[in-house]
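S.K.: Build me a model:
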Amino acid sequence: MYIHARRRSIRFSGRTITIKAAVKGLGDRKHTFSVGKINGIKNIPPTAFKPGRLVFDVPGASKAIVEDVPMYADKVDMNTFTYGAMDAKNVQALEAAIRKAMTS
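M.R.: The predicted structure is shown next:
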């Protein structure tokens, strides 16, 4: 599964998750981790004024905020995928697939 929203993208291959964030200059920042490393997932749905957030609890992963993001991108850490209301249904399906992979 692949979702692109708010200058971030998330890809789930069935065993690994990759979150990419746009940064100023050349290239993107990328964080890849396996489903086995996830301790928990928190999905905060979007509201009228705030984007939704899919937050992964991955031990040992950096909690540093990505500061050099382009205009209109969210300043969050690389364990967080932000999305708008249009992507809420796709993110719920992604979350369900990840939770299923965590239990198997």
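S.K.: Now the terminal residues of stretch 11-19, how far apart.
M.R.: End-to-end distance of stretch 11-19 (CA to CA, to the nearest Å): 7 Å.
S.K.: actually stretch 28-45, not the one I typed
M.R.: By CA to CA, one end of stretch 28-45 lies 25 Å from the other end.
S.K.: could we number from 28 for the rest of this?
M.R.: Fine by me, first position is 28 from now on; the one you just mentioned is stretch 55-72.
S.K.: Might you calculate how far it sits from the centre of the chain?
M.R.: 6 Å (CA atoms, centre = their mean, to the nearest Å).
S.K.: got a list of contacts for it?
M.R.: 42-50, 79-89, 93, 105-106, 115, 118-119, 122, 125-126, 128-129 (CB atoms under 8 Å, 6 or more residues apart in numbering). Placement of C-beta: from N, CA and C, glycine included.
S.K.: go on, stretch 107-124?
M.R.: With CB under 8 Å, 6+ apart as the criterion, stretch 107-124 contacts 28, 30, 32-33, 35, 37, 39, 46, 68, 70, 72-73, 78-83, 101, 103.
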